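In: Structure for the following, please:
(chains A and B)
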Amino acid sequence: MSIEIVLAIIVTSFATYISRFLGVITSMKINENSKIYRWFNCLAYSTLAALISRVVIFPNGDLIDTTYLSRIIVIIFAILIYYITKKNLVYPTIFSAIILTIINSYI
Amino acid sequence: MINSKIFLKGLFSIKRLDSPAIALGASFIAIGALLKNIGFTIQESAFSTFLIYALPGSLVLVESMLIGASLLNIFLAVWLVNTRLYPMTVSLMPLLITKNQPRWKYFISCFFVAVSPWLIMKNNYKKIDKEDRIDFWIGIGTANWLIGIFATIIGYCLSDYLNKDMMIGLAIVNPIYFMCVMIGVMKSKSVSIAIILGFILSPIFYLISPEWCILIGGTTAGTIGFFLGEKNVN
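Out: Coordinates of the predicted model:
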């Protein structure tokens, strides 16, 4: 293994673990019925939503080669399939990949 | 030390049809293929998921390697993109912490905090006795982590057979899965507002600051959701 890559991986893992570690330290002092816990709960969900939204609307990586319109069509289809299939998570997940691949290949 | 029965129960919870195994696997297959394309060996690719185990962090690593960023820049970029793990850990660990369990379990198992296991645990913790939750969590985390590592190796091996359209298909799976899960957890007013505003504010803040949009958008949305929810309770 290249020492340069190993160092980059170790630095990345350390930068990732810090937030998790500090989260445990903070958690030791927090009661699950407290207001601050409820605030953190909202923050956790909203930050996740922010991340997903950012990934879909302003993507990095391979999704950058797709159009806004194609991604919005996929999102609408996925939500529809999710509700039609009574909140099944597998169908929208698989169909989103198929629909986006088709749109990107042929349109 | 670890209740093996509960640990295995957590480990095999990934077998459920609606578990995030498919979405998680698809994303790490894409990461594996991406790592091969930038010149990682198969050992380095598996090692990266083994140690990092966070998709956005791995993506930042890839982008940073491509532009030849310094270690300090990599550290700051990854830390910034993964600060979301802090509120996620704080909103999970109080549900698992008991006086009778050793503290090392929490400090080691926090490594497993990532979206997939976090969502499974948040949706299932009430079904598990509080004393057993940490062992259940270690089981869920181990299962997701192993899927991530194996999928990275599979992606690496399949990279020559994955064309651009297939990679795009794999890349959309994870955000769509999590989006549907988030819609499913919108049961209380505070969490619903936090999620909807999070979806809306992040792209808006992106136009001001792409680096900080998740943190600022998420914090603003979560705080508004919390206060409106509390107002409702009062």
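
In: Run the contact check for the lengthiest helix in chain A versus chain B.
Out: Ranked by residue count and defined by DSSP state H, the top helix of chain A is helix A:3-27. Yes: Helix A:3-27 reaches chain B (Cβ under 8 Å from any Cβ of the partner chain) through A:5-24, A:26-27. Every C-beta, even on glycine, is put in place using the N, C-alpha and C of the backbone.

In: quick one: the next helix or strand after that helix near chain B?
Out: Following helix A:3-27 in sequence order, the next helix or strand is helix A:35-57 (DSSP states H and E). Yes: using Cβ under 8 Å from any Cβ, helix A:35-57 reaches chain B at A:35, A:37-57.

In: Tell me where the longest helix sits in chain B.
Out: Taking DSSP H as the assignment, the helix of chain B that covers the most residues is helix B:130-158.

In: Show me which residues of the very next helix or strand once past it are buried.
Out: Downstream of helix B:130-158, the first helix or strand assigned by DSSP H and E is helix B:164-184. By neighbour count on 16 or more other Cβ atoms under 10 Å in any protein chain shown, the buried set for helix B:164-184 is B:165-183.

In: do the same with stretch A:19-31
Out: Buried residues in stretch A:19-31 (16+ other Cβ under 10 Å): A:19-24, A:26-27, A:30.

In: which one among these gets closest to chain B?
Out: Distance ranking of these against chain B, using Cβ to the nearest Cβ, places A:Gly23 first at 2.4 Å.

In: one step back: packing partners for the longest helix of chain A?
Out: helix B:42-51, helix B:55-67, helix B:71-81, helix B:85-90, helix B:103-109 (3 or more Cβ pairs under 8 Å, 6 or more residues apart in numbering or on different chains; DSSP states H and E).

In: just for the chain, where's the confidence low?
Out: No chain was given, so I picked chain A. By pLDDT under 70, the low-scoring segments of chain A are A:107.

In: if you could check chain B rather than the one you did, that'd help
Out: For chain B (pLDDT under 70), the answer is B:17-18, B:233-234.

In: mind running it again at 80?
Out: Applying pLDDT under 80 to chain B picks out residues B:1, B:15-22, B:232-234.

In: Going by proximity to chain A, name the top residue of it.
Out: Closest point on chain B to chain A, by Cβ to the nearest Cβ, is B:Thr89, at 2.4 Å.

In: check contacts around that residue.
Out: A:19-20, A:22-24, A:26-27, B:110, B:113 (Cβ atoms under 8 Å, 6 or more residues apart in numbering or on different chains).

In: Equivalent analysis for B:Arg84, please.
Out: Neighbouring residues of B:Arg84 by Cβ under 8 Å, 6+ apart: A:19, A:44, A:47-48, A:50-51, B:214-215, B:218.

In: hmm, 10 Å instead?
Out: With contact taken as Cβ atoms under 10 Å, 6 or more residues apart in numbering or on different chains, B:Arg84 is in contact with A:19, A:43-44, A:46-48, A:50-51, B:54, B:56, B:113, B:115, B:214-215, B:218.

In: Considering those residues, which possesses the most neighbours?
Out: The member of the contacts of B:Arg84 that has the most neighbours, counting by other Cβ atoms under 10 Å in any protein chain shown, is A:Ser46 with 35 neighbours.

In: and that residue, what does it touch?
Out: B:84, B:87, B:182, B:190-191, B:193-199, B:201-202, B:214, B:217-226.

In: which among those residues end up buried?
Out: With burial judged by 16+ other Cβ under 10 Å, the buried subset of the contacts of A:Ser46 is B:84, B:87, B:182, B:190-191, B:193-199, B:201-202, B:214, B:217-226.

In: Helices - which of these land there?
Out: Counting by DSSP H, the buried ones among the contacts of A:Ser46 contribute B:87, B:182, B:190-191, B:193-199, B:201-202, B:214, B:217-226 to helices.

In: which among these are in contact with chain A?
Out: With Cβ under 10 Å from any Cβ of the partner chain as the criterion, those include B:87, B:182, B:190-191, B:193-199, B:201-202, B:214, B:217-226 near chain A.

In: how close does the closest residue to B:Glu63 other than its chain neighbours get to A:Pro92?
Out: Nearest residue to B:Glu63, sequence neighbours excluded (Cβ to Cβ, 6 or more residues apart in numbering or on different chains): A:Asn60, at 6.7 Å. Distance from A:Asn60 to A:Pro92, counting by Cβ to Cβ, to the nearest Å: 22 Å.

In: Looking at the two, which one has more neighbours?
Out: A:Pro92 (28 against 15).

In: these two touch, right, A:Ser75 and A:Ser96?
Out: In this structure residue A:75 is Ile, not Ser. Yes: here A:Ile75 reaches A:Ser96: they are 8.0 Å apart, a contact under Cβ atoms under 10 Å.

In: Quickly list what's touching both of these two.
Out: Common contact partners of A:Ile75 and A:Ser96 (Cβ under 10 Å, 6+ apart): B:172, B:175-176, B:179.

In: Can I get those residues in a markdown table including distance to B:Ser45?
Out: What follows is the shared contacts of A:Ile75 and A:Ser96, written out as a markdown table (distance: Cβ to Cβ, whole Å):
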| residue | distance to B:Ser45 |
| --- | --- |
| B:Ile172 | 22 |
| B:Pro175 | 22 |
| B:Ile176 | 25 |
| B:Met179 | 27 |
